[in-house]
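Visitor: Can you look at this prediction? I've put the sequence above it.
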Amino acid sequence: DIGEASGNTTCVAFAIKLDYPAVGGVTKITSRYFSRVGQAINLNGGATAAEVYDLNARRIGGLQVEVSWKTSLEDGVVGFYVTRALTESGTFERVSGLIPAKGEPSAYSFVDTLDPSSIRGPVAASGLYYKVEAIDIDDNASQFGPVKADLGNLQDRPIKRIKPARRGFQR
């Protein structure tokens, strides 16, 4: 069986269902989904059936980075995690809780508030890298990205100083 949205110019995916005879008279069904760019999106075998696009990360002021993305396919996806690393090929760690899936198509965003002690020197100069992980109902994860958030020159940020209160009365 081949499924597609006939006459729909915004169709972003189609499915092929293959039925294989199995031992004991049980039929194994395998589905393959293909994105709008022809990339296979697996449901069976460990990858989520998700397509993420327009993934961006940008500093939105102070010590905050907004990570945003859109989806066109979320079949069986329960949610997303945002991960961060100091380098493009570094170890990515989760910086968000599970962001629940809304159903396709959807737009998402997450604001990462940075720890000032973790963004000094070379990190501030080179920026931070982000990925989005899609998690499906079987706890399989697919990663999208990385994208770089340019932090600008954080060394030159003005520091707000608080003046100590004076004791006693002033005349």
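Guide: Thanks, I have it.

Visitor: Could you list the buried residues of the host helix or strand of Val111?
Guide: Element membership for Val111, per DSSP states H and E: strand 106-113. Within strand 106-113, the residues that qualify as buried are Tyr108, Phe110, Asp112, counting by 16 or more other Cβ atoms under 10 Å. For every residue, glycine as well, the C-beta is placed using N, CA and C.

Visitor: ditto for stretch 91-101
Guide: Phe92, Val95, Ser96, Ile99, Ala101.

Visitor: partners of the fourth one in the sheet?
Guide: Read that as Ile99. Phe80 (DSSP bridges).

Visitor: residues in contact with it?
Guide: Contact analysis of Ile99 by Cβ atoms under 8 Å, 6 or more residues apart in numbering lists Gly79, Phe80, Tyr81, Val82, Tyr108, Phe110.

Visitor: rerun at 10 Å
Guide: Neighbour list for Ile99: Gly79, Phe80, Tyr81, Val82, Tyr108, Ser109, Phe110, Val132, Glu133, Ile135 [criterion: Cβ atoms under 10 Å, 6 or more residues apart in numbering].

Visitor: could you pull out the strands for this structure?
Guide: Using DSSP state E, the strands of the chain run over 2-3, 14-21, 27-34, 40-42, 49-61, 64-75, 77-85, 93-94, 99-100, 106-113, 128-136, 141-149.
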